[in-house]
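Asks: A structural model of the following input is requested.
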Amino acid sequence: MKIKNTLMITLVLFVLFTGAGCSDVSQKSDISQNKDKQIYNEQKKQGIDIIKLNNAKNDTSKIYEADYQNDKKNQIETLKKKRKYTMKSPLLVENPYGTISNGLYIFFRTKRERSFEYKVSTEGYPDYKAKLNNGGVDNLSTEHEYMLLGAIPGEKNTITLYKLNKKGKRVCSVKFTFVPEKIKNDYGYQKQVEDGKSKQKLSNGLYVMFRNDITKGSDGICTVMFDNEGVVRCIIPIINYRTNRLLFDKEGMYLEVSRNKIVRMEPTGYVNRIYDTGIYNLHHDMIFGKKNDLLVCATTRDSDVEEDMIISVNLESGKVSEFIDMKKLLSDYYDNAVWGDYRGILDWIHINSLEFTSDGGLLISARETSTIIKVKEPYRRKNIDYLIGSEKFYKNTAYRTKVLKKVGKFSLQGGQHSLQVINNDSLKEGQYYLVLYNNNYTNSTYGATTYNWKNDNNYYNQGFTKSGKGENVVSYYYKYLVDEKRGTVELVDSIDVEYSSILSSAQVYQENIITLSGNPHVINEFDSDGKLIRRFISPSKGYTYRCYKYDFEKFWFYNK
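Replies: Below you'll find the model as predicted:
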C-alpha cells in the first residue's frame, strides 16, 4: 500500500454556535502541495497548525518496523505537548502510523470527564456512526485520543464529533471535512447487498475480510473491514500473504502482517510490539494459547513439507518454539503419504484452523484428510484423543479406533475450514457444539493420498471438482454436537451456502451466523433459524480466505 511521503491536514475555521455554549468548527482538508503556503497562513491566523509527519516511507514493509513506529509515536507525543488542544481545535493527523489507510487520528482534552460519538457523512454513501472508547471508567475521561474510522478514500467526508454528558446526551458538536488519499483496489468501497427474508436485525460490528491476492492495478495487499451497509470503513495495509484472524487483549489487537510477522496494534494505529517468527512461515490461523503465548500454524522455511506444524510465540519474550509437528503426531499416516507434483512440496495434511475445547484439548482442522483432530494435553503429552472424520479413511492405520462414531444420517465434512467451539449450560458433561464451514470437497487438493473418496458412503452430494460447476452442489454451515463420553458426533444444524471448494469460514456471532464462501466472494449473515438477513457480494478478483465479524468493543468503540 502506498503511503504518502508527507501527511498533512489543512484546515479552515469558521464558528457557528450550537447548544450548551459549544462552538461548531468546520475544517477543510486539502492534499494539494501548491496550496500549502496559503492554507498554512490561513490556519496560523486561526491558531491551527498544519500537521506534517517527517520521514514517511512508501514501502509498507518499513511501516511494520519498531524504529518507524517509534519515530511516529515520538512525533505525535511532541505535537500533543505543543499546545492545549480542545474539541474546537483538536490535533488531527491522517494515518500517522501508516497502519490504517483511511483513518484520522484525533487528540484533545476536555475540562470535565466526557465521552464522544461521531458520524461520517459522504455523498453517495450511508452515514457511519459509532461511540468512541476512551478507556475511562464508564467511558468517561478528560483526555481523548481516537482513531476515527469510516471515511471513504478520495471522497469528501464530513465528520461530526458529538460531546456527550455523563448521562449520554449530546451537548454540542464540531464538524470537519476529511479527504483520505484515494487507493487503487479491486474490492470496491461498497459491496453489492441483497436482503433476505428474515426480519431479524443484523448484528453490531464490522465484517473483516482476510484476503491475500494482489490483482492488477491494485496498490497492495490489505485487510478490509465493512459495515452492515456493505461500505468499507477501515483499510489496513499489510506486507504480504494475509491476516488470518484478529485477537484482542488489554495490550491491543494482534494480527499477522506478513508470512513472518505478527504485530500488536493500539487503537490509534500505533504498533507497540512486533513478533518475528524467523525460519517459520505463518499460514491459515492463530489463537491465544494457554501459557501467555500464541499458537500459530506454520511451515519451516525451505522445507519440502508444508503446512503441517504449529509453533508457539511467547507474548512477553517473543521466543518462538515448535509446538506440534504433525509428522510426529500422525507418523503412521505421514509415512504413507503420496508425493504429488505440487511444486515438489508435500502438502499432506494442510492445517487450516485451531481451537481449544473447555478441558484444554486442542482441535486441529486438517483439510487434506477432511478430519478434525483433538490433541489431549497439548502442552504435555500431545496424544491424539479422537478424530472427527471417516472411519473408512483410517481403516488401515493406527488411528482407526480414534474415530468418533457418527450418529444419524448426514454427509461428513469435506475439506473443512474455520472451527469454533461453543459451550452451553444445557449440555451434559463432555459435550460441546462445534461450528465449521463444510466446503463439501473431499478430493485431496494436492494428491497426497490415493484414497477414493467417491466410494466412501460417509460422503454424498459432494463436489468432486474445485469449480463444482454442473454438479448442483453446495457448501454448508455445519454445527456438530460432540459427545466425548459417548464417543459420538451428531449434525444438529446445517445451512446451504454458495459452493467453495477451498477457503471460506463460518462463525456464530451475537446469536447470528456469518459465512463466507471464498471462491465466489459471498458473505452471508443468517438469523439463528438459518434464514438469510443480508448477503454481501464483493467485486474482489483475488482470493478471500476468511470473513469474521468483530464489534471492536473497548478497542475502538464503546457499545454499552
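Asks: wait, what's in contact with the closest residue to Asp227 other than its chain neighbours?
Replies: Residue nearest to Asp227 in three dimensions, not counting chain neighbours: Arg233, with 5.3 Å by CB to CB, 6 or more residues apart in numbering. The way it works is simple: take the backbone N, C-alpha and C, and place the C-beta from them, glycine included. Neighbour list for Arg233: 102, 128, 149-150, 206, 225-227 [criterion: CB atoms under 8 Å, 6 or more residues apart in numbering].
Asks: including secondary structure, could the residues you listed go into a markdown table?
Replies: Shown next, in a markdown table, are the contacts of Arg233 (DSSP: H, G, I helix; E, B strand; the rest coil):
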| residue | secondary structure |
| --- | --- |
| Asn102 | coil |
| Tyr128 | strand |
| Leu149 | coil |
| Gly150 | coil |
| Leu206 | strand |
| Met225 | strand |
| Phe226 | strand |
| Asp227 | coil |
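Asks: just curious, which of these is nearest to Thr488?
Replies: Leu206 (37.5 Å; CB to CB).
Asks: any idea how far Glu525 is from that closest one?
Replies: To Glu525, Leu206 is 12 Å away according to CB to CB, to the nearest Å.
Asks: what's the answer for Val296, then?
Replies: 28 Å.
Asks: also Asn292?
Replies: Applying CB to CB to Asn292 and Glu525 gives a distance of 34 Å.
Asks: more crowded one of the two?
Replies: For Asn292 versus Glu525, neighbours defined as other CB atoms under 10 Å are more numerous around Glu525 (24 against 11).
Asks: what strand or helix carries that one?
Replies: Per DSSP states H and E, Glu525 falls inside strand 522-526.
Asks: that strand pairs with which strands, parallel or anti?
Replies: strand 512-517 (antiparallel), strand 532-537 (antiparallel) (DSSP bridges).
Asks: give me the distance from the first one to the chain's centre.
Replies: Going back to what we said before, that points to strand 512-517. Averaging C-alpha positions (CA atoms, centre = their mean, to the nearest Å) puts strand 512-517 14 Å from its chain's average.
Asks: if we can go back for a sec, the residue nearest to Asp227 sits in which helix or strand?
Replies: Per DSSP H and E: strand 232-237 holds Arg233.
Asks: list the buried residues in the next helix or strand after that strand.
Replies: As assigned by DSSP H and E, the chain's next helix or strand after strand 232-237 is strand 247-249. Going by neighbour count (16 or more other CB atoms under 10 Å), nothing in strand 247-249 comes out as buried.
Asks: let's test this: mean pLDDT of strand 247-249, rounded?
Replies: In this model, strand 247-249 carries a mean pLDDT of 98.
Asks: need the phi and psi values for the nearest residue to Arg301 once chain neighbours are set aside.
Replies: Closest residue to Arg301 apart from its sequence neighbours, by CB to CB, 6+ apart: Ile279 at 4.8 Å. Torsion angles at Ile279 (phi, psi; degrees, to the nearest 10) stand at phi -80, psi 0.
Asks: any regions of the stretch 251-400 of the chain where pLDDT drops low?
Replies: 340-343 (pLDDT under 70).
Asks: which stretches of it form helices?
Replies: 326-329, 331-334 (DSSP state H, counting those that start in this stretch).
Asks: can you lay out those as a markdown table showing distance to Gly168?
Replies: A markdown table is the format used below for the helices of the stretch 251-400 of the chain (distance: least, CB to CB, whole Å):
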| stretch | distance to Gly168 |
| --- | --- |
| helix 326-329 | 52 |
| helix 331-334 | 58 |
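Asks: hang on, the earlier thing: where do the contact lists of Leu206 and Glu525 overlap?
Replies: Lys549.
Asks: need the contacts of Arg233 in TSV with distance to Lys119 and neighbour count, can you?
Replies: Shown next, in TSV, are these (distance: CB to CB, whole Å; neighbours: other CB atoms under 10 Å):
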residue	distance to Lys119	neighbour count
Asn102	16	26
Tyr128	7	23
Leu149	12	23
Gly150	8	27
Leu206	16	23
Met225	18	24
Phe226	17	23
Asp227	13	23
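Asks: between these, which is nearest Lys184?
Replies: Once CB to CB is applied, the member of those that ends up nearest Lys184 is Asn102, at 13.5 Å.
Asks: Asn95 versus the residue nearest to that closest one when sequence neighbours are not counted, what's the distance?
Replies: Nearest residue to Asn102, sequence neighbours excluded (CB to CB, 6+ apart): Pro180, at 4.3 Å. Taking CB to CB as the criterion, Pro180 is separated from Asn95 by 7 Å.
Asks: now the common contact residues for those two.
Replies: Common neighbours of Pro180 and Asn95 (CB under 8 Å, 6+ apart) are 101-104.
Asks: could you give me the average pLDDT of the strand holding Arg233?
Replies: 96.
Asks: neighbouring strands - and their directions - for it?
Replies: When pairing is defined by DSSP bridges, strand 232-237 lines up against strand 222-226 (antiparallel).
Asks: got a list of contacts for the partner strand?
Replies: Taking CB under 8 Å, 6+ apart as the rule, strand 222-226 contacts 1, 101, 149, 185, 187, 190-191, 206-211, 232-238, 242-243, 255, 536.
Asks: returning to that earlier point: top of the shared contacts of Pro180 and Asn95 by neighbour count?
Replies: Going by other CB under 10 Å, Gly103 tops those with 28 neighbours.
Asks: please report the distance of Lys159 from Tyr207.
Replies: To be clear, residue 159 is Ile; Lys isn't right here. 22 Å.
Asks: ignore the last one, Tyr548
Replies: For Tyr548, the distance to Tyr207 equals 8 Å [CB to CB].
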